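> Provided below for reference: sequence and predicted model.
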Amino acid sequence: MKFSHLHIYFICYIVSFLKLFGELKKGLPGISQKVLTDNLRSLEENGLVIRTAYAEIPPRVE
């Protein structure tokens, strides 16, 4: 996989802090939800990010 500058930025930001999606979105101003979601999915597919979904109400994903 070829990493974009956004992938590297996301990795550094995520490694610095365990983040929920909403926290990531707030901490990365100027990035749309679609771009953030697409990049996180790409990182997850490549084994660089682990997504954990909890069966709670309201739903929580880390």
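Structure received. Numbering: from 1, shown residues only.
> contacting residues around the residue nearest the centre of the chain?
Note on the chain: the residue nearest the mean C-alpha position is Leu40, at 4.2 Å, using C-alpha atoms, centre = their mean. Contact analysis of Leu40 by C-beta atoms under 8 Å, 6 or more residues apart in numbering lists Phe10, Phe21, Leu24, Val49, Arg51. C-beta: built from backbone N, CA, C; applies to glycine.
> for the one helix or strand it maps to, buried residues please.
Assessed by DSSP states H and E, Leu40 sits inside helix 33-45. For helix 33-45, burial by neighbour count (16 or more other C-beta atoms under 10 Å) applies to Leu36, Asn39, Leu40, Ser42, Leu43.
> the fourth one touches His7, doesn't it?
Yes: with contact defined as C-beta atoms under 8 Å, Ser42 reaches His7; the gap is 7.0 Å.
> identify each buried residue in the host helix or strand of Glu23, please.
Glu23 is part of helix 21-27 when elements are defined by DSSP H and E. For helix 21-27, a neighbour-count test (16+ other C-beta under 10 Å) marks Leu24 as buried.
> CA atoms only: put it into PDB for me.
Below are the C-alpha coordinates for helix 21-27, written out as PDB (Å, rounded to 0.1, in the frame of the first residue of the first chain):
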ATOM      1  CA  PHE A  21     -14.500   8.500  15.800                       C
ATOM      2  CA  GLY A  22     -16.100  11.600  17.100                       C
ATOM      3  CA  GLU A  23     -12.900  12.600  19.000                       C
ATOM      4  CA  LEU A  24     -10.900  12.100  15.800                       C
ATOM      5  CA  LYS A  25     -13.300  14.200  13.800                       C
ATOM      6  CA  LYS A  26     -13.100  17.000  16.300                       C
ATOM      7  CA  GLY A  27      -9.300  16.800  16.500                       C
END
